[in-house]
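Trainee: My questions concern the predicted model and sequence given below.
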Amino acid sequence: EQVRQPGALAAAVRGGMAVELLEPVLTKLRAPKLLSFREVGNNYLWAVHFSPDGGKLVAGTGDQSKLFDVTDLRVPKEITFPGQGDTTLRGGFSPDGRLLATAIGDKEIRFTDPRTMREVGRLSGLTAGPYAVTYHGTLMATSHTDGVLRLWDVADPARPRLVTKFTGHARDVAAVEFSPDGTYLASGGNDTTVRLWDVDVDRAVERLCARHPEPLTRAQWEEYFPDVPYRQVCR
């Protein structure tokens, strides 16, 4: 996996178990220059991700995460933080830099404030393991091993609220990303499909009714739009 830091420097995984910090390839004739190298664990790395300001880097396997201060890219320094025993999630840092999401097993997501290194909340009661997160404003979307995408309001990370779920993938979903304007979600699943989802409930209802004009029952509404008050549609 490879991600980019402001200033056009990249982090990459070497041999599946370590992180390299590299200068970018400026031309096809120039090889990237290795700036530093850090072992992360005895298992394959799952994800690497820079903080929005480029000053921190989280990297981890399925059973541990490590956070580094990469202000000096030649001498990354490990930082102690609450999520060290967690799984690193792809896309873990929020764009405003106030949250770092890591997974506690298959049932919880921990929120750490990277500025203070304090845990500020947990998202509990998950029924499937999380793979990746993506943010837009106060919304966070998560992809899971059960093929379902979940949309959360994390304006208060101590009290995250489920907004809705998106179902359709036949297998686990390894990647999810908001469009720049937050209107859509894109997801990539191990069922070999890429799907686009409309985040706006009203637009989603219109499309659902166009395909299935029969009125939605309360049970169907709850399946498609959990935590959204029921209303009669498709009449």
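Mentor: Received it, and whenever you're ready, just let me know what you need.
Trainee: where does this protein have its least confident helix or strand?
Mentor: Across the helices and strands of the chain, the lowest-confidence element by mean pLDDT, DSSP states H and E is strand 2-5, at a mean of 50.
Trainee: Was I right to think Arg171 contacts Gly189?
Mentor: Yes: using CB atoms under 8 Å, Arg171 is in contact with Gly189, at 5.6 Å. Just so you know, the C-beta spots here come from the backbone N, C-alpha and C atoms, and that holds for glycine as well.
Trainee: got any residues that touch both of the two?
Mentor: By the contact definition CB atoms under 8 Å, 6 or more residues apart in numbering, Arg171 and Gly189 are jointly contacted by Gly147.
Trainee: Summarise which helices and strands the longest helix along the chain is packed against.
Mentor: The longest helix of the chain (DSSP state H) is helix 201-211. With contacts taken as 3 or more CB pairs under 8 Å, 6 or more residues apart in numbering; DSSP states H and E, helix 201-211 sits against strand 194-198.
Trainee: Buried residues in the strand it packs on, which are they?
Mentor: With burial defined by 16 or more other CB atoms under 10 Å, the residues of strand 194-198 counted as buried are 195, 197-198.
Trainee: again, but for stretch 89-106
Mentor: For stretch 89-106, burial by neighbour count (16+ other CB under 10 Å) applies to 89-94, 98-104.
Trainee: repeat for stretch 143-159
Mentor: Using 16+ other CB under 10 Å as the test for burial, stretch 143-159 gives 143-152, 154, 157.
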